[in-house]
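Q: curious how this folds, go ahead:
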Amino acid sequence: MTCYPIQHQRDARWVNSLLGNDTQNTIGNWGCLLTCYTMLVSEATGVEQSVLDINAKARRLNMFQPAGAGCPACITSFDLTGLNERIALLGFSDQYINVDLPGNELVKLQRHLDAGNPAVVLVDINLQKPGIQSHYVLATGRENGAVMINDPWVNDSKAVPMVPRYGANEPFAIWQIIYYSLKPATRNLPVNDYRYKQSAPIAPSAWQNILQPAAQAAPTVPDAPVAAKQIKRK
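A: Reported below is the predicted structural model:
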């Protein structure tokens, strides 16, 4: 399993910095997808990247909704070649709002990870709250058959199993998968020393409800089926 760098959206260096083009919402509150992108770029370059730098670069690349739009903190682009040419977007799964992830999609994810490829996975950060509290994690591989994730929200020091943190089993926990791969490097990369460095620890606060707008997902999460999904989760 590839040991991707562990980075956290609530790192003291950027927890209170504004996300995207927003004037209120911060990386600490809504920056999970941006932090997943940062971990991918760190792996692609072999150098630990700053979430602040990736935030600024993503703004320059117009990867967020514009200022004055409905959600200026929302990322609208999943194509990361502008951030690093090695990162290739392979595609999306459907969104499974009312049903568990189908078995064939889970097998696809498992084979994808076993081949050394990463995926960004949409999960629900708070199963006790009605609807979906969207949260993105970086799936980095499998260990003893379990999908392992780098979680931007929790101050982990290494990849952890997705289950039971985000559900009783993987088909239940996964709402959508964004498949990526890293193209072979065209030049020698520096030594990947980020795996031995940790950001300043942050004491986890009480588990928060972070509702990231559906505009950050692709395709858009429909509003109507949410109640049915919640019945399934009780």
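
Q: just give me the longest strand of this structure.
A: strand 134-143 (DSSP state E).

Q: can you tell me the SS state at the nearest residue to Gly116 once chain neighbours are set aside?
A: Nearest residue to Gly116 in three dimensions, chain neighbours excluded: Thr2, at 5.8 Å (CB to CB, 6 or more residues apart in numbering). For glycine as for every other residue, the C-beta is placed from the backbone atoms N, C-alpha and C. What DSSP: H, G, I helix; E, B strand; the rest coil gives for Thr2 is coil.

Q: go on, Pro130?
A: coil.

Q: what is the next helix or strand after the longest strand of the chain packed up against?
A: Downstream of strand 134-143, the next assigned helix or strand under DSSP states H and E is strand 146-150. If you count contacts as 3 or more CB pairs under 8 Å, 6 or more residues apart in numbering; DSSP states H and E, strand 146-150 packs onto helix 103-114, strand 134-143, strand 160-161.

Q: out of these, which one sits most buried?
A: strand 134-143 (a mean of 23; mean count of other CB atoms under 10 Å).

Q: elements contacting it?
A: helix 32-45, helix 103-114, strand 119-124, strand 146-150.

Q: give me the buried positions along stretch 157-169.
A: 159-163, 165-167 (16 or more other CB atoms under 10 Å).

Q: now do the end-to-end distance for it.
A: End-to-end span of stretch 157-169 (CA to CA, to the nearest Å): 23 Å.

Q: swap in stretch 8-21?
A: 20 Å.

Q: tell me the one among the buried residues of stretch 157-169 nearest to Leu19.
A: Comparing the buried residues of stretch 157-169 against Leu19 with CB to CB places Tyr166 closest, at 22.1 Å.

Q: now do the contacts for the closest one.
A: Taking CB atoms under 8 Å, 6 or more residues apart in numbering, we find Tyr166 in contact with 123-125, 127, 135, 137, 173.

Q: which one in the buried residues of stretch 157-169 is the model shakiest on?
A: Checking pLDDT across the buried residues of stretch 157-169, the minimum falls on Gly167 at 93.

Q: helices of this protein, start to end?
A: 27-30, 32-45, 51-60, 103-114, 170-173, 226-233 (DSSP state H).

Q: got these as CSV, with mean pLDDT columns?
A: Below are the helices of the chain laid out as CSV (pLDDT from 0 to 100):
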stretch, mean pLDDT
helix 27-30, 96
helix 32-45, 97
helix 51-60, 98
helix 103-114, 97
helix 170-173, 96
helix 226-233, 32
